[in-house]
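Asks: Dropping a prediction and its sequence here:
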Amino acid sequence: MTEESEFMTSPRFRVVTGVEHPDLHGLSREIIPPAWPEFMLHDPVGQGLDDCYSKLPQYQLALVDDAADGAVVAMANSIPILWQGDIDDLPDDGWDWALTRGLEDLAAGRKPNLLCALQIVVPRQFKGMKVSPETVWAMRENGRKHGLPQMVAPVRPNLKSSYPLTPIDNYVKWTTAEGMPFDPWMRVHARLGARIVKPCHHAMRIEGTIAEWESWTGLRFPESGQFVIPGALNPIEVDVKANLAVYIEPNVWMHHG
Ligand SMILES: CC(C)(COP(=O)(O)OP(=O)(O)OC[C@H]1O[C@@H](n2cnc3c(N)ncnc32)[C@H](O)[C@@H]1OP(=O)(O)O)[C@@H](O)C(=O)NCCC(=O)NCCS
């Protein structure tokens, strides 16, 4: 039996959306920040997630384990967008684009035709228990329920943080002996049937002053140049004279058709 059909016959967790949960947004503020390196919480576009909870609660999910006193074992955010082009032409500024575009579509009253996955977080105590494939599946099923059978994801290839000097175009081609993507998070999507579309090189842009980056990372940046940061997929670019450091995060578009 495939992972997918196992979930369909015996879901381990109850899926709750922001429509049913009394305060999914409040819960997300407790669960999500500790899961990320601090700098990842400073993408200005990311503030739009607040709007997702208030304006699109039906696409924000929690997976609840009733056998563990109703513990929340995962949270997930997604956003519907209108995409009239080819999936292969999705833009290079993946995550930032999707969140911005989805909120613009909503404000303009445009009817969406594609679900875009934005984030999945598994709290530390539930990591490594294969909760994440079930969460991707739940997000996709939720989209289907709302008339969006296709899902794309600007996937963050987590293990690339161990290979920050490798270009993303090379990294996405790395495979395991079984021919699956080398990256574990890309592999989760691939096992559920998603195909790699292409890298999106400018998925997120995070910038800050030198002092901000020093407080986010606990490192010192006494001179200009490139620096490797724990948890970052690429080096950051530091410009001491301009008092500015910039991180451009590469992701990978994947398509669940
Ligand atoms: C990414 C995340 C959702 C994965 O959930 P998880 O419960 O830890 O992972 P799972 O137990 O479901 O395993 C998924 C795969 O990742 C692999 N994996 C898990 N932890 C890993 C680690 N630290 N290093 C490398 N691979 C790892 C597993 O082996 C598995 O791959 P496999 O089945 O091919 O062996 C979770 O670690 C998380 O919340 N991370 C922080 C936020 C994030 O990066 N979200 C994803 C991008 S939006």
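Replies: Great, that's in hand.
Asks: Stretch 41-49 and the ligand in contact?
Replies: No: on the criterion CB under 6 Å from any ligand atom, stretch 41-49 is out of touch with the ligand, staying 11.4 Å away. Every C-beta, even on glycine, is put in place using the N, C-alpha and C of the backbone.
Asks: Now do the end-to-end distance for that stretch.
Replies: 11 Å (CA to CA, to the nearest Å).
Asks: how far out from the middle of the chain is it?
Replies: Chain-centre distance of stretch 41-49: 12 Å, with CA atoms, centre = their mean, to the nearest Å.
Asks: mean confidence for it?
Replies: On average, the pLDDT along stretch 41-49 is 97.
Asks: Quick check: buried residues in it?
Replies: Buried residues in stretch 41-49, counted by 16 or more other CB atoms under 10 Å: H42, D43, V45, G46, G48, L49.
Asks: Stretch 242-254 too?
Replies: Under the neighbour-count criterion of 16+ other CB under 10 Å, stretch 242-254 has L244, A245, Y247, I248, E249, P250, N251, V252, W253, M254 buried.
Asks: Please narrow the buried residues of stretch 41-49 to those residing in helices.
Replies: Of the positions in the buried residues of stretch 41-49, G48, L49 sit in helices, assigned by DSSP state H.
Asks: Considering the buried residues of stretch 41-49, which is situated nearest to G231?
Replies: Of all these, H42 has the smallest distance to G231: 12.7 Å, by CB to CB.
Asks: circling back to that earlier point, out of the buried residues of stretch 242-254, which comes closest to the ligand?
Replies: Nearest to the ligand out of the buried residues of stretch 242-254 is N251 (CB to the nearest ligand atom; 8.8 Å).
Asks: Can you list phi and psi of the closest one for me?
Replies: For N251, the backbone dihedrals (degrees, to the nearest 10) come out as phi -120, psi -170.
Asks: neighbours around the nearest residue to it once chain neighbours are set aside, how many?
Replies: Spatial nearest neighbour of N251, chain neighbours left out: A203 (3.6 Å); criterion: CB to CB, 6 or more residues apart in numbering. For A203, the count of nearby residues is 26 (other CB atoms under 10 Å).
Asks: Same check on G143?
Replies: Residues near G143, counting by other CB under 10 Å, number 22.
Asks: what phi and what psi does the backbone show at it?
Replies: For G143, the backbone dihedrals (degrees, to the nearest 10) come out as phi -60, psi -50.
Asks: doesn't N113 make contact with it?
Replies: No: in this structure, G143 is not within contact of N113 by CB atoms under 8 Å, at 10.7 Å.
Asks: in the stretch 151-257 of the chain, which spans are helices?
Replies: Using DSSP state H, counting those that start in this stretch, the helices of the stretch 151-257 of the chain run over 168-171, 184-191, 210-217.
Asks: between those, which gets nearest to the ligand?
Replies: Comparing the helices of the stretch 151-257 of the chain by CB to the nearest ligand atom, helix 184-191 comes nearest, at 3.3 Å.
Asks: Up against the ligand, what does the stretch 101-250 of the chain have?
Replies: Contact residues (CB under 6 Å from any ligand atom) of the stretch 101-250 of the chain with the ligand: 119-122, 127-133, 156, 158-159, 184-185, 187-188.
Asks: can you rerun that using 8 Å?
Replies: Residues of the stretch 101-250 of the chain that fall close to the ligand, judged by CB under 8 Å from any ligand atom: 117-123, 126-135, 155-156, 158-159, 176, 180, 184-185, 187-188, 191.
Asks: hang on, V122 packs against S132?
Replies: Yes: the criterion here is CB under 8 Å, and V122 meets it with S132 at 5.8 Å.
Asks: what residues are shared contacts of those two?
Replies: Jointly contacting V122 and S132 under the rule CB atoms under 8 Å, 6 or more residues apart in numbering are A74.
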